[in-house]
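[1] Okay, sequence plus prediction incoming.
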Amino acid sequence: MDTSSVFAADCFLLAGRLLMQSGAETYRAEDTMLRMARSQGYQDAQSFVTPTGIIFSAGHESPTRIAQIPRRATDLSKIAEINTISRALTANQLSIEEAYEQLKTLENKNLFRSELAQVIYAAIASGCFVILFMGSVWDMPAAAIAGGIGHWVCLRVNAITKVKFFAEFTASIAVGLMTLLALYIGFGFEEDKIIIGAVMPLVPGVPIANAVRDMMAGHFVSGVTKGAEASLTALAIGSGIAFVLILF
């Protein structure tokens, strides 16, 4: 067995796995792995990527490597870092050993902002979305508070249960309750604008865009799968809000 081809396959597979775990499109992961492989002389490299796994071979005489993708998130900073490494490798600015070391370092690096920062950004975005949807400036504070608390609940529940859809359902319930509380104490005025603004940070905008882009690129399995996942997320958000409105 050619150990160099095995090492190379592991490097290319790592790049593809990190891309998929960071929320990249399927065609981007496949294209990145194949470009990296062909730049190193593996012209017969083949890859098959789905949202939950990758199958990759550097060539007909090389062993096939498989990687499972148990979890996915949206991390555009990490996607940009991986693209930079892959471009440097294909331009012969990095050796494959250096590229692999950088990818391993990136794998263990957390590029997400702190939980507090994420909550603050979600609150700011929620308030701004009220204006975007033609709401009143007086409803911005209520939407900001509801959106920030909803995002915090989503992060906490997801960390405890590891079930994304349940976390989003619980977070939307929190948004609904905070909106009704704001209206009750006179802190908000337009219920629909506050709710819409507050749930926007939970809406799966990037997964929906990726599903469409994969479908347009001919990756129908991944496109349909990601579309179904985004639809379930939207259903969880809508169900949580509906539950609160029906209950109260």
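    Alright, I've got the coordinates. It should be emphasised that the depicted structure is a prediction, and the values quoted were computed from it without experimental measurement.
[2] Backbone dihedrals for the closest residue to residue 39 other than its chain neighbours, please?
    Nearest non-adjacent residue to residue 39, counting by Cβ to Cβ, 6 or more residues apart in numbering: residue 90, 4.0 Å away. (C-beta placed from N, C-alpha, C; glycine too.) With angles defined as degrees, to the nearest 10, residue 90 sits at phi -70, psi -20.
[3] and if you look at residue 64?
    Torsion angles, degrees, to the nearest 10, at residue 64: phi -80, psi 130.
[4] check contacts around it.
    Shown in contact with residue 64 (Cβ atoms under 8 Å, 6 or more residues apart in numbering): 55-57.
[5] quick check: longest helix of this structure.
    helix 220-247 (DSSP state H).
[6] Which neighbouring elements make contact with it?
    helix 26-39, strand 46-50, helix 164-184, helix 191-199, helix 205-216 (3 or more Cβ pairs under 8 Å, 6 or more residues apart in numbering; DSSP states H and E).
[7] in that helix, what's buried?
    222-223, 225-227, 229-230, 233-234, 236-237, 240-241, 244 (16 or more other Cβ atoms under 10 Å).
[8] Could I get the residues you listed in a markdown table, plus columns for distance to residue 75 and pLDDT?
    A markdown table is the format used below for the buried residues of helix 220-247 (distance: Cβ to Cβ, whole Å; pLDDT from 0 to 100):
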| residue | distance to residue 75 | pLDDT |
| --- | --- | --- |
| 222 | 18 | 90 |
| 223 | 21 | 92 |
| 225 | 19 | 90 |
| 226 | 16 | 91 |
| 227 | 20 | 92 |
| 229 | 16 | 90 |
| 230 | 17 | 92 |
| 233 | 17 | 93 |
| 234 | 21 | 93 |
| 236 | 21 | 96 |
| 237 | 21 | 96 |
| 240 | 25 | 97 |
| 241 | 27 | 97 |
| 244 | 31 | 96 |
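[9] Which secondary structure state does the residue most central in space within the chain sit in?
    Nearest to the mean C-alpha position of the chain, by Cα atoms, centre = their mean, lies residue 74 at 2.2 Å. Under DSSP: H, G, I helix; E, B strand; the rest coil, the three-state class of residue 74 is coil.
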